[in-house]
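>>> A structural model of the following input is requested.
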Amino acid sequence: MFKNIPMKNLILSLIALLLGANAFGQHTLTYQSYAKDVEDGDTTFVSVVEQKGCLKIANLGNEVKNPIPGYVESVTYVSYVEDSVFTVLQYPDGNFYSAYAFTDNDVSFSEEGKEKVLGYPCTKYKTSINSNTIEVWMTDKPGFEATPMPGLGRLNGMMVRCMRNGIYVTDLKSVKKAKGLPKILIPSDKGERKSSRELSQLRKDKLVMRLPVFKGQQIHFADYEPVVGEIPFDTTLHLSHGTIILKRMQLPQLPEHYQLFAELHQRSNGDAYDRAASVFVIPMDQSRSFLDGLTQGVEALPMFQGSDGKEYQGIKAETDYLPPVELVRFFTSFGAGHFNDKVQIDGLNWTEENYYKQEVSELRDRLQGDVLIGAFIGNYDKGGHIVSLDLVAYPGEYEWDEMPCHQRSVPLFNTCNVMEMSGQNYGRLFATDSLEVTFEIPEGATDVRLRYISTGHGGWGGGDEFNPKENVLFIDGVKTFTHTPWRCDCATFRDQNPVSGNFWNGVSSSDYSRSGWCPGTATNPVYFDLGFLKPGKHTLRVAIPQGKDEGGSFSHWMVSGTLLYFIP
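Just a heads-up that it's a prediction; the model follows:
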């Protein structure tokens with residue numbers, strides 16, 4: 001860590017060690033970090049205790065009164081005599097860990113001359129780390145070594161100032177002689193030893209809240225006993241002939257500074273095809289819900305009668321009903337996992353599973369308290385697929401905030417026929433109808449948006465899966481937004497599709513561009529700003545030029561829309 005240590009410093013450190021702290025005194029230094037010319041920038045303070053050629057470095061004056069789970073203050077120790085640095089984390093449960101860093105630091109500074117800074121005669125040093133320009137001013141006037149940033153390596157004397165990119169500054173604010181320090185500043189028991197990388201990852205992992213939903217659950221076509229009575233907590237139910245898994249959970253209300261992600265792992269357990277799939281939450285705040293359809297049959301859902309004479313069950317909000325809130329629209333690949341040993345292609349190593357991770361922070365109000373969360377994969381295979389799902393929350397602050405959630409999400413429509421195997425119709429209505437729904441914006445609502453997911457289907461040359469189609473959204477009868485879902489990067493995911501068809505010209509079927517999706521990927525939502533709308537009731541209409549049927553083949557669209565806003 002401390003390359004090219006001057007002989008003078010080594011001698012001074014050894015004398016200090018032999019004679020004790022009184023030879024050069026004991027000192028407490030305070031450093032302040034801030035951003036230049038930023039009035040409301042964050043300001044932090046660090047305390048550095050110096051004794052006998054050793055340092056103890058810790059945050060100062062930044063006490064966390066109500067810390068989030070996993071929070072811990074770290075303390076860094078430096079021994080100039082032993083030429084070592086280590087950081088200690090001690091958790092409330094009694095476990096503590098340390099990481100050591102030694103002389104393998106390869107930061108190289110150039111000397112830039114002499115300057116007077118904060119009243120101290122200083123030597124200026126300069127380096128570049130990961131494209132960041134680092135400038136450091138050091139003084140040897142006090143006669144001892146000290147720095148709040150041992151990770152930069154060892155420079156002669158006491159640090160007076162450090163500046164990154166000419167903006168971010170750490171300044172020495174005070175130096176005081178100290179009394180009553182322990183005889184041994186550095187503890188002898190440093191806990192379980194980790195590498196610096198391991199310690200950094202451990203600290204992050206303890207701050208992250210991981211809420212397991214499904215673990216290695218099978219989604220396949222099979223017969224299961226119907227669900228009768230109240231839905232139990234923390235029990236995975238298999239519904240709609242096993243193609244839906246559902247769990248009732250009690251989820252914590254997290255402070256709004258947390259970012260929420262849905263993290264999904266999926267692999268084939270026998271099904272070879274690219275299947276449409278969805279992770280969703282069933283709202284239970286109306287007199288009717290999608291759960292009625294799952295437990296009583298699709299006839300229990302509100303029905304829309306299309307001009308084509310077909311019935312479309314449970315697809316849009318009514319006065320007493322809300323459709324499922326779609327968290328993630330994803331698609332299985334052609335057989336990743338189960339079929340990896342069936343086909344070998346030079347230059348390709350098949351992935352063992354499909355991995356999807358998508359932020360769902362704007363739906364946090366649907367992911368707290370009593371929640372019904374489910375996953376669907378449309379397939380008729382007995383082996384089907386294996387799925388694991390976690391909700392993962394990353395904090396944005398160290399304080400736990402008990403304030404109520406101000407975000408709101410209201411599902412308006414969802415034509416994903418997740419009860420396909422129980423008779424719910426495909427979203428074929430766009431051939432003869434548009435999809436219209438009424439919604440209301442409350443007084444005081446801000447940041448009003450529509451979260452919209454759309455994918456086209458019809459897997460033949462003339463089908464909407466392979467032909468771009470413009471989605472048109474009308475607000476209160478006025479054409480307001482257009483969006484053409486299209487993915488032209490599907491060939492990127494060739495290694496996730498071992499049994500995709502391979503054609504004479506070298507192209508794989510999984511390579512083909514598609515209407516808003518690729519085999520083995522998730523579809524990103526798009527967002528439409530509705531901030532121009534006044535409080536009150538409005539209508540939203542979705543129109544898509546759906547293609548015509550050809551023989552036994554037909555096109556359909558899976559679209560979902562959720563109204564988002566903040567309320568005081």
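
>>> quick one: contacts for the nearest residue to residue 255 once chain neighbours are set aside?
Setting aside the residues directly before and after it, residue 255 is nearest to residue 401 in space (Cβ to Cβ, 6 or more residues apart in numbering), at 3.9 Å. Every residue, glycine included, has its C-beta placed from N, CA and C. Residue 401 sits next to 66, 255, 256, 257 when contact means Cβ atoms under 8 Å, 6 or more residues apart in numbering.

>>> gap between residue 295 and residue 226?
Residue 295 is 7 Å from residue 226, where distance means Cβ to Cβ, to the nearest Å.

>>> comparing these two, which residue is more hemmed in?
Ranked by neighbour count (other Cβ atoms under 10 Å), residue 295 and residue 226 place residue 295 first, with 16 against 9.

>>> okay, buried residues for the strand or helix carrying that one please.
Here residue 295, judged by DSSP states H and E, is contained in helix 290-296. For helix 290-296, the neighbour count (16 or more other Cβ atoms under 10 Å) marks 290, 291, 292, 293, 294, 295 as buried.

>>> the helix or strand just after it: which residues count as buried?
Sequence order places strand 303-305 as the next helix or strand after helix 290-296, per DSSP H and E. Within strand 303-305, the residues that qualify as buried are residue 304, counting by 16+ other Cβ under 10 Å.

>>> show me the contacts for residue 427.
Residue 427 sits in contact with 312, 315, 415, 416, 417, 556, 557, 558, 559, where contact means Cβ under 8 Å, 6+ apart.

>>> what's the nearest residue to it if we skip its chain neighbours?
Leaving out its chain neighbours, the residue that sits closest to residue 427 by Cβ to Cβ, 6+ apart is residue 415, at 3.3 Å.

>>> what about the residue nearest to residue 255, which SS state?
Judged by DSSP: H, G, I helix; E, B strand; the rest coil, the three-state class of residue 401 is coil.

>>> look up how far residue 393 lies from it.
As judged by Cβ to Cβ, residue 401 and residue 393 stand 13 Å apart.

>>> and stretch 232-250, how far from the chain's centre?
Centre-to-centre, stretch 232-250 and its host chain are 24 Å apart (Cα atoms, centre = their mean, to the nearest Å).

>>> for stretch 351-362, same thing?
Mean C-alpha position of stretch 351-362 versus that of the full chain (Cα atoms, centre = their mean) differs by 9 Å.

>>> quick check: residue 148 touching residue 161?
No - applying Cβ atoms under 8 Å as the test, residue 148 and residue 161 come out as separate, 11.0 Å apart.

>>> tell me which residue is most central in this protein.
Central residue check for the chain by Cα atoms, centre = their mean: the C-alpha nearest the mean position is that of residue 261, 4.3 Å away.

>>> what sits against that one?
By Cβ under 8 Å, 6+ apart, residue 261 lies in contact with 357, 358, 359, 360, 391, 392, 393, 394.

>>> give me that answer again for 10 Å
Contact analysis of residue 261 by Cβ atoms under 10 Å, 6 or more residues apart in numbering lists 208, 210, 328, 357-361, 390-394.

>>> helices and strands around the helix holding residue 295, which ones?
With contacts defined as 3 or more Cβ pairs under 10 Å, 6 or more residues apart in numbering; DSSP states H and E, helix 290-296 has these neighbours: strand 237-239, strand 244-251, strand 369-377.

>>> and for the shortest one, what's in contact with it?
Translated: strand 237-239. Strand 237-239 is touched from outside by 217-220, 222-227, 231, 244-248, 291, 293-295, 372, 374, 376, 418-419, 421-422, with contacts defined as Cβ under 10 Å, 6+ apart.
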